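[1] could you work out the structure for the sequence below:
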Amino acid sequence: MYIKEAAERVGLAAHTLRFYEHEGLLPFIKRDSNGNRMFYEKDLSWIDLIVCLRKTDISLSELREFVELTNEEECTELKSKLILGKYKQKMIEKQRDLDKAVVKIKERMQSFDELETK
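    As a prediction, the model looks like this:
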């Protein structure tokens, strides 16, 4: 599929996919004889992972390093799992912080509600 369809399928703008490719995050994207980017299901799966990792506030340089490490020939499943484990932990910590923030906001909103009823 071409970039427009791929972008729609992953919920990103086409220019975001171009940016990711330019930044070295999609080094495996093939092109047809006219130079158009060709995306396959495995590419979309990879893009989904990149989107998930971006939500952890991972920097582009860290993400580029992750892409490079996981695309190396000697990269084993174990090494990939260890790399992903690092980012999983980061997401767990972020979730904990968000949960605390939600509790604080609820408490503050409740105190406003109590003031209104007085």
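
[2] for the least confident helix or strand in the chain by mean pLDDT, which positions count as buried?
    Comparing every helix and strand of the chain by mean pLDDT, DSSP states H and E singles out helix 60-71 as the least confident one, with a mean of 82. Residues of helix 60-71 classed as buried by neighbour count (16 or more other C-beta atoms under 10 Å): Leu63, Arg64, Phe66, Val67. Yep, even glycine has a C-beta here, placed from its N, CA and C like the rest.

[3] correct me if wrong: the first one contacts Thr56.
    No - counting by C-beta atoms under 8 Å, Leu63 does not reach Thr56; the two are 9.6 Å apart.

[4] against Leu17, how distant is the residue nearest the centre of the chain?
    Computing the C-alpha centroid of the chain and ranking residues by C-alpha atoms, centre = their mean puts Val51 first, at 2.2 Å. Using C-beta to C-beta, to the nearest Å, one obtains 11 Å as the distance from Val51 to Leu17.

[5] wait, Ala7 sits on Leu17?
    Yes - using C-beta under 8 Å, Ala7 makes contact with Leu17 at a distance of 5.5 Å.

[6] who's more crowded, those two?
    Leu17 (23 against 19; other C-beta atoms under 10 Å).

[7] quick check: that one touching Ile50?
    No - between Leu17 and Ile50 there is no contact under C-beta under 8 Å: 9.9 Å.
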